[in-house]
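Engineer: What follows is a protein structure lacking sequence information:
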């Protein structure tokens, strides 16, 4: 019996540099389909940055046809303005996925680190190095892209769990 193939879009949101990554899983075998960053210039107004995030994620979905999406859960920022801007970028990414009919789940930073490195207290560089190993990449992706791939890997691990133990769908 052939193993089911699943494509997962991982998103690590930020207004200026949103990481995106799509992995394909056939059973426990994982490979990177596409990854990179959605960059916005500091001089661009927030509305244009949000439009670029929405359009870029929409294009990525149309080009690579992921089956579902996973996004990092909200974190608590000390600066309210930073939290609001991150929330706007997250909402834009979620809206782009929802508009294309993708089921969206969120994963805490700790669960992403645990799924990729084996400890929820891992450093960003450790996560990036494990992403290279798990996806058999020839080079380490830029930090935001590595984080997005790690989110997708985390979601893949969650898919094998019973429904009541899986991450929250949004």
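Structural biologist: Looks like it arrived, so ask away. This one's a predicted model, so the numbers in the text were calculated from it and none came from an experiment.
Engineer: How about the contacts made by residue 151?
Structural biologist: 10, 11, 12, 21, 70, 71, 72, 107, 112 (CB atoms under 8 Å, 6 or more residues apart in numbering). To be clear about C-beta, it is placed using only N, CA and C from the backbone, and glycine gets the same treatment.
Engineer: For my notes, confirm it occurs in a strand.
Structural biologist: No: applying DSSP: H, G, I helix; E, B strand; the rest coil, one finds residue 151 to be helix, outside a strand.
Engineer: Ramachandran coordinates for the closest residue to it other than its chain neighbours?
Structural biologist: With CB to CB, 6 or more residues apart in numbering as the criterion, residue 151 has its nearest non-adjacent residue at 3.7 Å, and that residue is residue 10. Here is the backbone geometry of residue 10 (degrees, to the nearest 10): phi -100, psi 140.
Engineer: For residue 99, see how far away residue 10 is.
Structural biologist: Applying CB to CB, to the nearest Å, the value for residue 10 to residue 99 is 18 Å.
Engineer: Neighbour count for the two, which is higher?
Structural biologist: Just comparing residue 10 and residue 99: by other CB atoms under 10 Å the higher neighbour count belongs to residue 10, 29 against 12.
Engineer: May I have the predicted confidence score for residue 75?
Structural biologist: Residue 75 is assigned 65 on the pLDDT scale.
Engineer: Check the one 3 residues further on too.
Structural biologist: Model confidence at residue 78, given as pLDDT, is 77.
Engineer: which SSE is it in?
Structural biologist: Using DSSP states H and E, residue 78 is not contained in any helix or strand.
Engineer: tell me the contacts of it?
Structural biologist: Residue 78 makes no contacts at all, as judged by CB under 8 Å, 6+ apart.
Engineer: Please apply the same query to residue 147.
Structural biologist: Going by CB under 8 Å, 6+ apart, residue 147 touches 10, 12, 19, 72, 112, 124, 127, 128.
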